[in-house]
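J.: Curious how this folds, go ahead:
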Amino acid sequence: MDHADDLALHAEHAFDIRINFDKRWVWPISGGASAGYTSVGADCIVSGPRLNGRLVDFSGADWPIVRADGVVELNAHYMIEADDGAHIYIHNRGYVHGPLRLPGMADDAPAIPRYFRCTPYFRAPTGPHEWLNRSVLVGVGARRPHVSPSDPPDHSLFRYYLVR
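T.: Numbering: from 1, shown residues only. Predicted coordinates:
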């Protein structure tokens with residue numbers, strides 16, 4: 001019996017989320033790290049082949065730790081409202097960094113490349129979104145800071161993939 005496909009990994013695009021941010025605070029903690037708080041704002045969109053809706057305005061926040069090595073540990077909690085009215089809790093953990101140049105690295109050595117990945121966990125009601133309660137998804141993120149008056153508001157984009 002051939003079991004080669006038992007260890008194969010496949011991913012399919014499930015949905016995207018655009019998260020607009022409201023408040024942002026950072027304060028030092030022990031060990032050279034910082035703690036943070038970034039609240040979810042209004043008008044956040046969820047769109048894709050498997051899930052559509054929005055984030056409930058001001059429904060949560062990220063409580064990141066910015067480590068001394070420059071790596072950000074994400075710890076976000078917020079609420080999705082699907083187009084059919086279902087409410088879905090999401091807890092998103094992950095890492096953001098880079099590019100990084102660690103202490104002791106030669107100036108001409110390549111930096112560790114940019115990285116923004118997360119693993120969400122869901123609590124969805126019985127019904128069409130129940131698949132989220134028993135599936136592994138992986139997210140890829142991109143940060144879009146508000147720099148000038150002509151820029152859109154401070155936000156991040158996430159693309160989530162269902163791992164098969």
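
J.: helix/strand/coil for residue 31?
T.: Three-state assignment for residue 31 (DSSP: H, G, I helix; E, B strand; the rest coil): helix.

J.: ok, and the closest non-adjacent residue to it?
T.: What sits nearest to residue 31 in space, not counting adjacent residues and going by CB to CB, 6 or more residues apart in numbering, is residue 68, at 6.3 Å. Quick note: C-beta positions are derived from backbone N, CA and C, even for glycine.

J.: Which phi and psi values does that neighbour adopt?
T.: phi -60, psi -30 (degrees, to the nearest 10).

J.: what's the neighbour count on it?
T.: Applying other CB atoms under 10 Å, we find 10 other residues in the vicinity of residue 68.

J.: what does residue 20 give?
T.: When neighbours are counted by other CB under 10 Å, residue 20 registers 19.

J.: Now do stretch 133-140: distance from first to last residue.
T.: Length of stretch 133-140, first residue to last, CA to CA, to the nearest Å: 20 Å.

J.: So for that stretch, what gets flagged as buried?
T.: By 16 or more other CB atoms under 10 Å, the buried positions in stretch 133-140 come out as 137-139.

J.: Export the residues you listed to JSON lines and append columns for pLDDT.
T.: Below are those laid out as JSON lines (pLDDT from 0 to 100):
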{"residue": "137", "pLDDT": "98"}
{"residue": "138", "pLDDT": "98"}
{"residue": "139", "pLDDT": "97"}
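
J.: closest to residue 82 among those residues?
T.: residue 137 (15.1 Å; CB to CB).

J.: Distance check, the closest one against residue 12.
T.: In this view, residue 137 and residue 12 are 10 Å apart by CB to CB, to the nearest Å.

J.: what sits in contact with each of the two?
T.: 161-162 (CB atoms under 8 Å, 6 or more residues apart in numbering).

J.: Show me which strand runs longest in the chain.
T.: The longest strand of the chain (DSSP state E) is strand 11-28.

J.: Adjacent strands (with direction) for that strand?
T.: Paired strands of strand 11-28, with direction, are strand 34-40 (antiparallel), strand 45-47 (antiparallel), strand 155-163 (antiparallel) (DSSP bridges).
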